[in-house]
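> I'd like to go over a predicted model; first the sequence, then the structure.
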Amino acid sequence: MDSFLVALKAVVDGLGATVLLPIVIFVIALILGAKPGRAFRAGVMIGVAFIGINLIIGLMWTSLSDVSHAMVVNTGIKRDIVDVGWPSAAAIAFGSSVGLWVIPVAIAVNIVLLFAKLTRTLNVDVWNFWHFAFVGSLVVAATNSLPMGICAAAVMTVIALFFADWTAKGVQRFYGIPGVSITTLASSPVLLIAIVVNWVIELIPGLRDIHLDTDTIQRRLGVVGEPVVMGLVIGLVLGVLGYWNIAPADMVTKVLKTGMSLAAVMVLLPRMVKILMEGLIPVAEAAREFIQKRSGGQATEDQGINIGLDSAILIGHPAAISSALLLVPIAILLSVILPGNRVILFADLAVIPFIVALTAPLLNGNVLRMVIVGTVTLLIGFYFAMYLAPLFTSAAVASGFKLPENATMITSIADGFLWPPSLTVALANVAGYGGIALLLLVTLVAIWFFRRNEAAWERLAGSEDTTAADQSVPASGTIKIAGD
């Protein structure tokens, strides 16, 4: 069995998401009844789109990592828990004992829930199964039980599918991407924090009346408010904050390169999402026809199957990128001023767009509210990270990961700062299998309540535009501020 799991993992790692995903999409489209030629083109277009998305995210990652590292160095702070970034966390997760099991386990859980009609999401984002394996590896480090770690990974799969179903309508409405849901566990848990923070904001006079979305910014600022210019300006400001104390000639070069790189990200990512949609639409149509044929024409749009994808397809929206860029210096400031903080941020500041992207439908692209939600998420996240750091480090050592020099412990924003890993580990520590079972039971109860009143739950996650008709946020992501 182990040899099969090792071979399966080797195939997934060898092909990578940009090759494996088109193959999976092609097979799914054929099963749903799409013509072979159309299914083949859909798979290829989706693969091309993800290659483009990954290239542009790589550009953003390099620019943000460099400037944020410079900003952190400028603060002069020293901490014993080092942020090593999500690529390291993914390597640790897939290199762990749970990493061998996570792919067949997650697929099996997804199939069972589909047949039991407890989910409408078919998760094809196999590469991001590492989030499930990561939580499982932490449980193994805490309890020294591989079976319990595998059970924890299975429960994470259920939680990810629940959030994917809950947020699907909001994602499709706000981002204009049909037939998809988001299964990335680094993005969906922030929804609960966003709901609470948004409710508090609505109680504060003045603050609740500020609708700072990208359409309004562009309308008020003209050319300066266009996404490409916003990216340039934010990049220049971040560049100055990071490189102000180096040689003038080098500073000018680095600042300008940062500005142009982020301007390019603001323009090119939405273009790649359009290519992605070109591939997704035939699959969505085939899924709709498949459901209609098997229901005698009685099925509604709400009864279709959504394709679960990476939240990378969302971060091309100007609201997601701009709010995330504004959160970079805020995150560094928090690392300096938070009492008792032992975490120093380095590698994962560029992951912030993934953290906030799924809040945009609920907040209707209101950049100010997204920044507030992101700030609260990061603030709480530092303490989650400190709680998990010993286990994170133990799991890393067990998987053969080499710790950075001068680092006593390690963490990452992508998973270390979020509540599902901390909650799962805490329950496993306190009650063992009973704690994991309790988490599964609570999730299944939430699914049951969701199925009883889907419209209300979906509205809570942003399925409807709650701004005034003349202040609505278009799917294209162009920018509006209410209050004129």
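Perfect, I can see it now.

> residues touching the residue nearest to residue 464 when sequence neighbours are not counted, list them.
Among residues not flanking residue 464 along the chain, residue 173 sits closest, at 7.3 Å (C-beta to C-beta, 6 or more residues apart in numbering). Where C-beta positions appear, they are placed from N, C-alpha and C, glycine not excepted. Applying C-beta atoms under 8 Å, 6 or more residues apart in numbering to residue 173 gives the contacts 361, 462, 463, 464, 465, 475.

> quick one, longest helix in this protein?
Counting by DSSP state H, the longest helix found in the chain is helix 248-294.

> Distance to residue 33 added to the contacts of residue 173, as CSV?
Listed next are the contacts of residue 173 as CSV, based on distance: C-beta to C-beta, whole Å:
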residue, distance to residue 33
361, 30
462, 31
463, 28
464, 31
465, 33
475, 27
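
> Out of those, the closest to residue 282 would be?
Set against residue 282, the nearest of the contacts of residue 173 by C-beta to C-beta is residue 475 (18.8 Å).

> In terms of pLDDT, where does that closest one sit?
pLDDT, residue 475: 39.

> quick one, helices of the stretch 51-200 of the chain?
86-95, 102-115, 130-143, 146-175, 190-201 (DSSP state H, counting those that start in this stretch).

> Return the most buried member of those.
Among these, the stretch with the highest mean neighbour count (mean count of other C-beta atoms under 10 Å) is helix 130-143, at a mean of 28.

> for that one, what is the average pLDDT?
For helix 130-143, mean pLDDT is 93.

> Tell me how far it lies from the chain's centre.
Helix 130-143 sits 19 Å away from the centroid of its parent chain (C-alpha atoms, centre = their mean, to the nearest Å).

> and what of stretch 169-183?
Centroid displacement of stretch 169-183 relative to its chain, using C-alpha atoms, centre = their mean, is 13 Å.

> do stretch 414-427 as well
Worked out by C-alpha atoms, centre = their mean, stretch 414-427 lies 15 Å from the chain centre.

> Give me the residues contacting it.
83, 85-86, 89, 131, 134-135, 138-139, 142, 152, 155-156, 159, 185-186, 189-190, 192, 348, 351, 354-355, 377-378, 380-382, 384-385, 387-389, 391-392, 411, 435-436, 438-439.

> buried set for it?
Going by neighbour count (16 or more other C-beta atoms under 10 Å), the buried part of stretch 414-427 is 414-427.

> try stretch 38-47
39, 40, 41, 42, 43, 45, 46, 47.

> Hmm, residue 24 and the last one touching each other?
Going back to what we said before, that points to residue 47. No - using C-beta atoms under 8 Å as the test, residue 47 is too far from residue 24 to be in contact (10.1 Å).

> count of neighbours near residue 430?
Neighbour count of residue 430, defined by other C-beta atoms under 10 Å: 10.

> Tell me which helix or strand it sits in.
When elements are assigned from DSSP states H and E, residue 430 belongs to helix 419-431.

> between that helix and helix 146-175, how many degrees?
Relative orientation of helix 419-431 and helix 146-175, computed by axes from the mean of the first three to the mean of the last three C-alpha atoms, to 10 degrees: 150 degrees.

> ok and helix 419-431 relative to helix 190-201, angle-wise?
110 degrees.

> For helix 419-431, what is the distance to the chain centroid?
Here the centre of helix 419-431 is set off from its chain's centre by 21 Å, with C-alpha atoms, centre = their mean.

> quick one: average confidence on it?
Mean pLDDT, computed over helix 419-431, is 95.

> in the following helix or strand past it, what's buried?
Following helix 419-431 in sequence order, the next helix or strand is helix 433-452 (DSSP H and E). For helix 433-452, a neighbour-count test (16+ other C-beta under 10 Å) marks 435, 436, 439, 440, 443, 446, 447, 450 as buried.

> Which strands or helices does helix 433-452 pack on?
Applying 3 or more C-beta pairs under 8 Å, 6 or more residues apart in numbering; DSSP states H and E, one finds that helix 433-452 contacts helix 146-175, helix 419-431.

> cutoff 10 Å now
Counting contacts by 3 or more C-beta pairs under 10 Å, 6 or more residues apart in numbering; DSSP states H and E, helix 433-452 packs against helix 130-143, helix 146-175, helix 419-431, helix 454-460.

> got a list of what the nearest residue to residue 449 once chain neighbours are set aside touches?
Here the nearest residue to residue 449 in space, its sequence neighbours aside, is residue 457; by C-beta to C-beta, 6+ apart that works out to 7.6 Å. Contact analysis of residue 457 by C-beta atoms under 10 Å, 6 or more residues apart in numbering lists 165, 166, 167, 169, 446, 449, 450, 451, 463.

> and with 8 Å instead?
166, 449, 450.

> Turn these into TSV, columns for distance to residue 216 and pLDDT.
Listed next are the contacts of residue 457 as TSV, based on distance: C-beta to C-beta, whole Å; pLDDT from 0 to 100:
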residue	distance to residue 216	pLDDT
166	28	96
449	36	96
450	33	95
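
> closest to residue 373 among these?
residue 166 (16.7 Å).

> Show me which residues of stretch 240-257 are buried.
Going by neighbour count (16+ other C-beta under 10 Å), the buried part of stretch 240-257 is 241, 242, 243, 251, 254, 255, 257.

> surely residue 68 meets residue 328?
Yes - the criterion here is C-beta under 8 Å, and residue 68 meets it with residue 328 at 5.5 Å.
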